[in-house]
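Asker: need a structure here:
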Amino acid sequence: MPADDSVSFSSVTVTLAGFPALLNLSLEVAAGETVYLRGPNGAGKTTLLRTLAGLEKATRGSARVLGVGLPGGERSLRALAGMMGTRSHLYEDLTVAENLDLARRLLAVSSSRIDDAAELFGVRGRLWRQKVASLSAGQKRRVALAGLVAKNPRLWLLDEPHSSLDAAGRDLLDKLIAEATKRGAIAFVATHEAEAGRAGGRVVEMVGGTVRPAASGGGGDSGPEGLE
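Answerer: As a prediction, this is how the structure comes out:
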């Protein structure tokens, strides 16, 4: 049986609106791994992330994610996973401070964790009292990422995480993912970027709702050390 810190999918099918968004997908991922999901639009990358997050339910097959059995354990899994979609899902009419305070209460984390994450992503200063509606796409991305980092999930689920970020923001996020996996977390990153995996990790190609292995980009090293 897979360890409680691993991910194991066995012939999983997820049907959405009568269409198999995932089809007989099998995948094994160990603690400390970063898995880059590549493939065209409609390949099933986002559906896989949402299934890992407990937001979609398998219609056939079975899975264990960090010791949680699927289908059936979706509610328990949501507490262990942190997901960043292609949209920020922030409240546009609230300030940065108000959005992150709401995240603090929902995640049951300390104010200091939120403040530290906000400082890390550069949204603690002049942006703090601005309404989210006035922010650029990159600034909104940084606010949402601050909430994710404050949660410190065991399972990182990132859909095109570099979108709208500048080079410094991309480097920071990559560094944080590397540090999290060194502590035993698992990261799944859906991306169209050709250089995925160069900093370490496994590249998996998705086609037609299933996966096939691709050449590893970095020999499995989790990446650089740095932020704690």
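Asker: element containing the spatially most central residue of the chain?
Answerer: The centroid of the chain falls nearest to Leu157 when counting by Cα atoms, centre = their mean (1.7 Å). Counting by DSSP states H and E, the element that carries Leu157 is strand 155-159.
Asker: show me where this protein has helices.
Answerer: Under the criterion DSSP state H, the chain contains helices at 45-52, 74-78, 96-107, 111-120, 137-151, 167-182.
Asker: Least confident of these, on average?
Answerer: Mean pLDDT is lowest for helix 74-78 among those, at a mean of 89.
Asker: Specify which residues of this protein, grouped into ranges, have pLDDT under the cut-off.
Answerer: 1-3, 194-199, 213-228 (pLDDT under 70).
Asker: domain ranges for it?
Answerer: 1-80+153-228, 85-152 (automatic domain parsing).
Asker: Between the two ends of the last one, how far is it?
Answerer: Yep, that's domain 85-152 we're talking about. 16 Å (Cα to Cα, to the nearest Å).
Asker: and what of stretch 92-112?
Answerer: OK, stretch 92-112 end separation, Cα to Cα: 24 Å.
Asker: and that stretch, which residues are buried?
Answerer: Buried residues in stretch 92-112, counted by 16 or more other Cβ atoms under 10 Å: Thr95, Val96, Ala97, Glu98, Asn99, Leu100, Ala103, Arg104, Leu107, Val109. The way it works is simple: take the backbone N, C-alpha and C, and place the C-beta from them, glycine included.
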